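S.K.: Sequence and predicted model, in that order:
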Amino acid sequence: MSDRPEMYEGVDELWLDGEFVDFEDAQVHVLTHGLHYGTGVFEGVRCYDTDDGPAIFRWEEHLERFYDSAKPYDMDIPFDPEEITDATVELIQREGLDSCYIRPIAFYGYGPLGLNPSDSDVQVAIGVWPWGAYLGEEALKEGVDVTISSWRKHASSQIPTNAKTTGAYINSVLASLEAKGNDYVEAIVLNKEGNVAEGPGENIFLVRDGELYTPGLAESILDGITRQSVIQIAEDLGYEVHDDATISRSELYTADELFFTGTAAEVTPIRSVDDNQIGEGTKGPITDEIQTTFFDILDEAPEEYDEWFKPV
Ligand SMILES: Cc1ncc(COP(=O)(O)O)c(C=O)c1O
């Protein structure tokens, strides 16, 4: 096996099909169904080092989405939510982590190759590792330069967009490669109708005249859990949030503020789109207020947001 990527340095164990296994032993067969046809579902979750100790952010919602993602693929995840929860909590404890990224995945495993996966066993793995800011610390402060991708997001009549399916992420990979190849930090992907969908791994919010807009669930987006959290935070701060918006491409260029949300990206301001400056070309004031509140909640795990945290 090639050298370990830096992000996994220090990882001792993963959880695979009911057992804690050494990092190097977490292997699957090359004839794994999910490897050939992308028949897997996964989650991306963060555990934060809060004032009350390590706690997983919105675990219940991520777990629910994990099981929901499996439904269109007739995939029976052979562990119940309590088992996945216990395994995850124990893995974080065994790795001695106060904060980390959590990656549960379920996939059709080794079995007869052919499109019908029903004769392949479903395998489940969980990995945890330390992870900082996805787009960098500076991105959180100053914002990122993004481009509109020439790749369109598939419609949910083609591949379910509210499921986190491994194979579907090839669309995000294409958009990311194109953006990075053109020296942008990230892409914005339009849906088949040409309206704004989301980033390759983020939802998007637009601020105009002091109100927030984010594409609705019918716009071919993932129902992001950070999106849901930010909607609640913004409303708690007294902002009007239009969470069922249709946003045209041209509205992006004239927005007062734009920002991404996601487990990886957290709340990341967007300072330009296709080299057009957004607002003052840095983090906007409403983005700043929401981002600050979001990070304060993650630090403090305050009582009013108690149900968002699962202690480890
Ligand atoms: C395509 C896509 N959209 C949006 C998001 C944000 O979702 P969440 O906030 O649940 O991480 C993600 C990240 O998982 C994603 O992959």
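M.R.: Nice, I can see it.
S.K.: Give me the helices and strands touching the helix or strand bottoming out on mean pLDDT in the chain, please.
M.R.: Within the chain, no helix or strand scores below helix 137-142, which has a mean of 91 by mean pLDDT, DSSP states H and E. With contacts taken as 3 or more C-beta pairs under 8 Å, 6 or more residues apart in numbering; DSSP states H and E, helix 137-142 sits against strand 266-273. Where you see a C-beta, it was placed from the backbone N, CA and C, and this is true even at glycine.
S.K.: Could you point out the helix or strand that follows the strand it packs on?
M.R.: Past strand 266-273, further along toward the C-terminus, the next helix or strand under DSSP states H and E is strand 276-277.
S.K.: helices or strands up against that next one?
M.R.: Partner elements for strand 276-277 (3+ C-beta pairs under 8 Å, 6+ apart): none found.
S.K.: now could you export just the CA positions of the helix or strand that it is followed by as CSV?
M.R.: Next helix or strand after strand 276-277 toward the C-terminus (DSSP H and E): helix 285-300. C-alpha atoms of helix 285-300 as CSV (Å, rounded to 0.1, in the frame of the first residue of the first chain):
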residue,chain,number,x,y,z
PRO,A,285,-21.7,41.5,8.0
ILE,A,286,-24.7,39.1,8.1
THR,A,287,-22.5,36.2,7.1
ASP,A,288,-20.1,37.2,9.9
GLU,A,289,-22.9,37.3,12.5
ILE,A,290,-24.2,33.9,11.5
GLN,A,291,-20.8,32.4,11.3
THR,A,292,-19.8,33.8,14.7
THR,A,293,-23.0,32.5,16.2
PHE,A,294,-22.5,29.1,14.6
PHE,A,295,-18.9,28.7,16.0
ASP,A,296,-20.0,30.0,19.4
ILE,A,297,-22.7,27.3,19.5
LEU,A,298,-20.1,24.7,18.5
ASP,A,299,-17.7,25.9,21.3
GLU,A,300,-20.2,26.3,24.0
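S.K.: Check which helices and strands helix 285-300 sits against.
M.R.: Secondary elements touching helix 285-300 (3+ C-beta pairs under 8 Å, 6+ apart): strand 45-50, helix 225-236, strand 257-262, strand 266-273.
S.K.: I'd assumed D76 was in contact with A70.
M.R.: Yes: at 7.4 Å, A70 counts as touching D76 under the criterion of C-beta atoms under 8 Å.
S.K.: Between these two, point out the one with more neighbours.
M.R.: Neighbour count, other C-beta atoms under 10 Å: between A70 and D76, A70 has more, with 20 against 10.
S.K.: List the residues that contact the more buried one.
M.R.: A70 makes contact with 41, 76-77, 106, 163, according to C-beta atoms under 8 Å, 6 or more residues apart in numbering.
S.K.: Could you identify the most distant pair in those?
M.R.: Spatial extent of the contacts of A70 (C-beta to C-beta) is set by the pair D76 and A163 at 15.0 Å.
S.K.: which strands and helices sit next to the helix or strand where A106 lies?
M.R.: Assessed by DSSP H and E, A106 sits inside strand 100-108. If contacts are counted by 3+ C-beta pairs under 8 Å, 6+ apart, strand 100-108 sits against helix 33-37, strand 40-42, strand 45-50, helix 59-70, helix 81-95, strand 122-129.
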